[in-house]
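Novice: Give me the fold of what follows.
(chains A and B)
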Amino acid sequence: MSDKKGAFVTEITPRSEDFSRWYLDVVRRAELADYSPVKGCMVIRPYGYAIWELMQQALDSRFKATGHVNAYFPLFIPESLLRKEAAHVEGFAPQVAWVTHGGSEELEERLVVRPTSEAIVGVMYAKWIQSWRDLPLLLNQWANVVRWEKVTRPFLRTTEFLWQEGHTAHETEAEAEEEALRMLGVYKDFAERELAMPVIEGRKSESEKFAGAVRTYSIEALMGDARALQIGTSHHLGQNFAKVFDITFQARDKSVQHVWQTSWGMSTRLIGGVIMMHGDDSGLILPPNVAPYQVVIVPIPRGNWQETVLPQAEAIRDELTAACVRVKLDARDAYTPGWKFAEWELRGVPLRLEIGPRDIEQSQVMLVRRDNREKAPVARAQLAARVSQLLREIQQALFDRARQCLDERTTRIDAYDEFKQTMEGRPGFVVAPWCGQTACEAAIKADTQATVRSLPMNGADVTGQCVRCDAPAREVAYFAKAY
RNA sequence: CGGGAUGUGGCGCAGCCUGGUAGCGCACCUGACUGGGGGUCAGGGGGCCGCCGGUUCGAAUCCGGCCAUCCCGACCA
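Specialist: As a prediction, the model looks like this:
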């Protein structure tokens, strides 16, 4: 690998050359995940799982702060329960895994491995809820689910994946609606602040709605290849599940009513989103807030460096750790500094700290940013403060860069010819007036592969006609080609 | 699930057409010299050639089936 490919040599397919291959190369070469012997199922490796744990912590604290508590429901759901809600079963039955035998004995009733937990939650909520005083019931669970997908990709779509699913029950429709929107807001805040991922929030069209929901809201992000990725959903379930699972309560006015419910989820797909949103030709770029290592220390070995440089590097590691920075000291003697630079860039560490004899002489270290590769000396005395500051700056810079990219790739179009022409390339989001009819959406998809990703809630007043048909426009829609 | 492609040490590939001792680069191990952008030299280890079956004296190579992965479509967090 000593041939000249420019200053930054890489063993992965350049992102600019083949986005899909680049993505798969990064996932494996950065040791985020690996294929398993089971079709469509990946192993999340320690480095990838550490990212997930950081995401979990950031989400979980937000759930707790909004009054939710965690619980755990069973993996198996009896077939009859899944079948209770008609739209729900229709949506999920084609992609569930069935358990037909226990040991060698055939089961009297087949079980499904949960594709989502509304059904089992519904049964339990019916037992637990009696009175308006039991409401609202605000639960979340961290779990795995299984959906028998036909086409899979690591993190973005796998047969089994990890997620959180919130399930809440409320006295009134208004409260359920408020909850669904509140959690959408939590997701948006999490994505933007922790993942440096600007998102479009809005309602889903009828055809993209969750099976069994009254309304589905989502946040959508634009990836590095200008395709949209749904990274979180929040559903207002109305009384659909309450009616089939008989979840009732006695209200303040003594009447017996069905509860109003919501559910909402984010999954390990987020990791795929972070990869595709921020990465570059050299590999992964992790936002500091979800980086397992925020700083990697590379000691520059010279002479008896283990006695001279290494103790300094260890002291810096301890100092930064004490300042609540996640630090990795790469003291391996078998690799050269240049090799380590490339390696940790590939793995997306936001900040690199170099320390060698020259630095020690001058009581300084070198800091190099992953996002823009700026390199600057920092006095030892200011180190901890400067590192914290730089990590914040990198987090913000990644968001700003992504925001700018999103803005540049969001186009307003009113004429269908122009719409079709634009969609032939990689336009990102195309914002257009839309009649709201499912048939029209299907026609647009057939013509352009683009679908309605999001219908902003408080969009401007719409006038004129649908971008495709003669019907009057009902709303402004965000169209995109999606993952 | 349809169309296409690919499976050979950890990774990337050659060998297959024309059957006869399994190769290359990188990575890995040991040692020495090195070290501020993927070091050099010397020595070394590792492969049921995706799986099952068939043809053959003999199969990585020919034939059939299956599985997995990738790309393009139809379905989805």
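Novice: which other residues reach stretch A:388-401?
Specialist: A:192, A:196-198, A:278, A:285, A:287-289, A:294-295, A:323, A:325, A:350-351, A:367, A:369-372 (Cβ atoms under 8 Å, 6 or more residues apart in numbering). Glycine gets a C-beta too; all of them are placed from N, C-alpha and C.
Novice: Could you say whether whatever residue of the stretch 201-350 of chain A ends up closest to RNA strand B sits in a helix, a strand or coil?
Specialist: Nearest residue of the stretch 201-350 of chain A to RNA strand B: A:Gly338, at 2.5 Å (Cβ to the nearest atom of the strand). Following DSSP: H, G, I helix; E, B strand; the rest coil, the label given to A:Gly338 is helix.
Novice: how close does it sit to A:Arg352?
Specialist: To A:Arg352, A:Gly338 is 12 Å away according to Cβ to Cβ, to the nearest Å.
Novice: Between the two, which is the more surrounded one?
Specialist: A:Arg352 (21 against 10; other Cβ atoms under 10 Å).
Novice: how near is that one to A:Trp339?
Specialist: 13 Å.
Novice: in the stretch 101-250 of chain A, which spans are helices?
Specialist: Shown for the stretch 101-250 of chain A, the helices assigned by DSSP state H, counting those that start in this stretch span residues A:118-128, A:173-194, A:240-245.
Novice: Out of those, which is closest to A:Glu475?
Specialist: helix A:173-194 (17.0 Å; Cβ to Cβ).
Novice: Just the CA atoms of stretch A:367-374, as CSV, please.
Specialist: Output of stretch A:367-374 as CSV, limited to C-alpha atoms (Å, rounded to 0.1, in the frame of the first residue of the first chain):
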residue,chain,number,x,y,z
LEU,A,367,-4.3,17.9,17.8
VAL,A,368,-5.7,16.9,14.4
ARG,A,369,-9.4,17.1,13.6
ARG,A,370,-11.0,14.2,11.6
ASP,A,371,-13.7,16.3,10.0
ASN,A,372,-11.4,18.9,8.3
ARG,A,373,-7.9,17.5,9.1
GLU,A,374,-6.8,20.8,10.6
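Novice: What average pLDDT does that stretch get?
Specialist: Taken as a whole, stretch A:367-374 has a mean pLDDT of 97.
Novice: Identify all contacting residues around it.
Specialist: Stretch A:367-374 has contacts (Cβ under 8 Å, 6+ apart) with A:278, A:285-286, A:341, A:345, A:348-354, A:375-378, A:386-387, A:390, A:394, A:397-398, A:401.
Novice: Which of these fall in helices?
Specialist: Counting by DSSP state H, the part of the contacts of stretch A:367-374 found in helices is A:278, A:341, A:345, A:386-387, A:390, A:394, A:397-398, A:401.
Novice: Redo those residues as CSV? Include neighbour count.
Specialist: Formatted as CSV, these follow (neighbours: other Cβ atoms under 10 Å):
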residue, neighbour count
A:His278, 23
A:Phe341, 19
A:Glu345, 21
A:Arg386, 16
A:Val387, 24
A:Leu390, 22
A:Ile394, 24
A:Ala397, 17
A:Leu398, 24
A:Arg401, 17
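Novice: Now narrow the residues you listed to whatever sits close to RNA strand B.
Specialist: Residues of the ones in helices among the contacts of stretch A:367-374 in contact with RNA strand B (Cβ under 7 Å from any atom of the strand): A:341, A:345.
Novice: want to throw the ones in helices among the contacts of stretch A:367-374 into CSV with pLDDT?
Specialist: Output for these, formatted as CSV (pLDDT from 0 to 100):
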residue, pLDDT
A:His278, 97
A:Phe341, 96
A:Glu345, 96
A:Arg386, 98
A:Val387, 98
A:Leu390, 98
A:Ile394, 98
A:Ala397, 98
A:Leu398, 98
A:Arg401, 98
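Novice: Of the ones in helices among the contacts of stretch A:367-374, which is the nearest to RNA strand B?
Specialist: Checking the ones in helices among the contacts of stretch A:367-374 one by one against RNA strand B (Cβ to the nearest atom of the strand), the nearest turns out to be A:Phe341, at 4.1 Å.
Novice: That closest one reaches A:Gly283, doesn't it?
Specialist: No. Using Cβ atoms under 8 Å, A:Phe341 makes no contact with A:Gly283, being 11.8 Å away.
Novice: if we can go back for a sec, the helices of the stretch 101-250 of chain A: which one's closest to A:Lys209?
Specialist: Closest among those, once you apply Cβ to Cβ, is helix A:240-245, at 11.4 Å.
Novice: tell me which parts of the stretch 251-400 of chain A are close to RNA strand B?
Specialist: A:265, A:267-269, A:282, A:300-302, A:305, A:333-343, A:345-346, A:352, A:354-359, A:365-366, A:368, A:373, A:375.
Novice: Let's see which of the residues you listed end up in strands.
Specialist: Under the assignment DSSP state E, those contribute A:265, A:267, A:352, A:354-355, A:365-366, A:368, A:375 to strands.
Novice: Which two among these are spaced furthest apart?
Specialist: Greatest spacing in these, by Cβ to Cβ: A:Gly265 and A:Ile355 (43.7 Å).
Novice: so where is chain A shaky, pLDDT-wise?
Specialist: A:1-10, A:459-460 (pLDDT under 70).
Novice: give me the beta-bridge partners of A:Tyr478?
Specialist: Beta-bridge partners of A:Tyr478, counted by DSSP bridges, are A:Val431, A:Ser454.
Novice: Ok, A:Lys328 next?
Specialist: Assessed by DSSP bridges, A:Lys328 has beta-bridge partners A:Val296.
Novice: shouldn't it be in contact with A:Pro299?
Specialist: No. Taking contacts as Cβ under 8 Å, A:Lys328 lies outside contact range of A:Pro299: 12.0 Å.
Novice: In terms of neighbours, single out the busier of these two.
Specialist: Between A:Lys328 and A:Pro299, counted using other Cβ under 10 Å, the more crowded position is A:Pro299 (27 against 17).
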